[in-house]
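> fold the following, please.
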Amino acid sequence: MTALLDQSAPPRPASAMQGYLAALGTVGIWAGFILISRLGGKSALTGWDIAALRLGVGSLVVLPFSFNLPRSVWFDLKLWFLAMSGGAVFLVIIYAGLKLAPAVHGGILVPGMQPFLVTILAWIILGTRPPRQRVLALLPIAAGVIFVAMPTLTATTVDLSTLAGDGLLVSASLSWALYSILAKKWAYNPWVLTRFLALSSCLVYMPIYLLFCPKGLAETSVSMLLLQGLYQGIGPTVLAMLFFLRAVAILGAERTGALISLVPIISGVAAISVLGEPLSAWLIAGLFFVSGGAYLASRPIKG
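Numbering: from 1, shown residues only. Below you'll find the predicted structure:
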């Protein structure tokens, strides 16, 4: 769930362990993001509440480091588009999806589908025709998504709630893939983009949330509010980005991408013990196919 990076550099031996630790930290935070978001979705919190908690805390965290942002960034329409597609819009959709669909679906349909969606959008927007090796690597991802859909397709009665949640998760994944492609195309400084995304999304979203959105804060425990606010606002918003950039700098984008493909597996397996979610044979197959496809898609292109 990051901006698409194509260049890979060999790891520096003295720092390789730091790179792997940073990559695993990124994996842990993103897998935790799926689980914590689903946990919040099962509480009285609405998706609007969780987005507000994340953007509120995240903006407070980056604010002390943002006073030196150039004034010109606030008038840059491209930056605003990135902030909406990768910030407010993405968050509202994914939290609404995880309110309705299981965490394992979130792991498969959001981070798991990124190589698939990013490749398609890169072809459409950047004109980057994918090599045959990468296209073949995306086939397991497509198969994995079909496996996830099989229980719904073969059921005598359709669970409309889960189906709607899955649709929202796919939409969120598409929004993040678009953000990734455009962030690559426009090549903004990652730290500038991180700070602007948090602050601008908060400025746009908070008035709408406070005035118009349904809220479940009063029916939610303080511990849940703290968990959602602190984890969402600090983990995925700041720490995951810093860990990811560190991993890419040391290991290269392709090696880092291969490790990131563990997110669907870890979030899916953890959902069994943490959230008590059932795991059918179809979902297990979907997890392995999507993770395997993401791994293959992140490998260096030969020839």
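> show me how far the helix or strand hosting Phe288 is from its chain's centre.
Using DSSP states H and E, Phe288 sits within helix 281-297. In terms of CA atoms, centre = their mean, to the nearest Å, the centre of helix 281-297 is set 17 Å apart from its chain centre.
> contacting residues around it?
Outside helix 281-297, the residues that touch it by CB atoms under 8 Å, 6 or more residues apart in numbering are 104, 107-108, 111-116, 119, 134, 136-145, 147-148, 150-151, 257-258, 260-265, 268-269. The way it works is simple: take the backbone N, C-alpha and C, and place the C-beta from them, glycine included.
> for the closest residue to Ala297 other than its chain neighbours, grab the count of nearby residues.
Spatial nearest neighbour of Ala297, excluding adjacent residues (CB to CB, 6 or more residues apart in numbering): Pro115 at 3.7 Å. Neighbour count of Pro115, defined by other CB atoms under 10 Å: 25.
> and Pro115, what is it in contact with?
By CB under 8 Å, 6+ apart, Pro115 lies in contact with Ala137, Leu138, Ile141, Gly257, Gly293, Ala294, Ala297, Ser298.
> ok, the first one - contacts?
Read that as Ala137. Pro115, Gly293, Leu296, Ala297, Arg299.
> got the angle for the one helix or strand in the chain whose mean pLDDT sits lowest vs helix 281-297?
Taking mean pLDDT, DSSP states H and E as the measure, the chain has helix 253-260 as its least confident helix or strand, at a mean of 72. For helix 253-260 against helix 281-297, the angle by axes from the mean of the first three to the mean of the last three CA atoms, to 10 degrees is 170 degrees.
> and the next helix or strand past helix 253-260?
Counting by DSSP H and E, what follows helix 253-260 is helix 263-275.
> buried sites along that following helix?
Buried residues in helix 263-275, counted by 16 or more other CB atoms under 10 Å: Val263, Pro264, Ile265, Ile266, Ser267, Gly268, Val269, Ala270, Ala271.
> for that helix, C-alpha coordinates in CSV please.
Below are the C-alpha coordinates for helix 263-275, written out as CSV (Å, rounded to 0.1, in the frame of the first residue of the first chain):
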residue,chain,number,x,y,z
VAL,A,263,0.5,-9.0,4.4
PRO,A,264,-2.6,-11.0,3.2
ILE,A,265,-1.3,-14.2,4.7
ILE,A,266,-0.4,-12.6,8.1
SER,A,267,-3.7,-10.6,8.4
GLY,A,268,-5.7,-13.6,7.3
VAL,A,269,-4.2,-16.1,9.7
ALA,A,270,-4.2,-13.5,12.6
ALA,A,271,-7.9,-12.9,12.0
ILE,A,272,-8.6,-16.5,13.1
SER,A,273,-7.2,-16.1,16.6
VAL,A,274,-7.6,-12.3,17.2
LEU,A,275,-11.1,-11.9,15.7
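> quick one: low-confidence ranges for the stretch 201-303 of the chain?
253-254, 300-303 (pLDDT under 70).
> let's see it at 90
Applying pLDDT under 90 to the stretch 201-303 of the chain flags residues 237-238, 240-303.
> do the same with the stretch 51-200 of the chain
86, 102-123, 125-163, 176-177, 179-194.
> surely Gly25 and Leu239 touch.
Yes - in terms of CB atoms under 8 Å, Gly25 counts as a neighbour of Leu239; the distance is 7.3 Å.
> out of the contacts of helix 281-297, which are buried?
Buried among these by 16+ other CB under 10 Å: 104, 107-108, 111-116, 119, 134, 137-138, 140-141, 144-145, 147-148, 257-258, 260-265, 268-269.
> could you find the closest non-adjacent residue to Leu53?
Residue nearest to Leu53 in three dimensions, not counting chain neighbours: Gly229, with 4.1 Å by CB to CB, 6+ apart.
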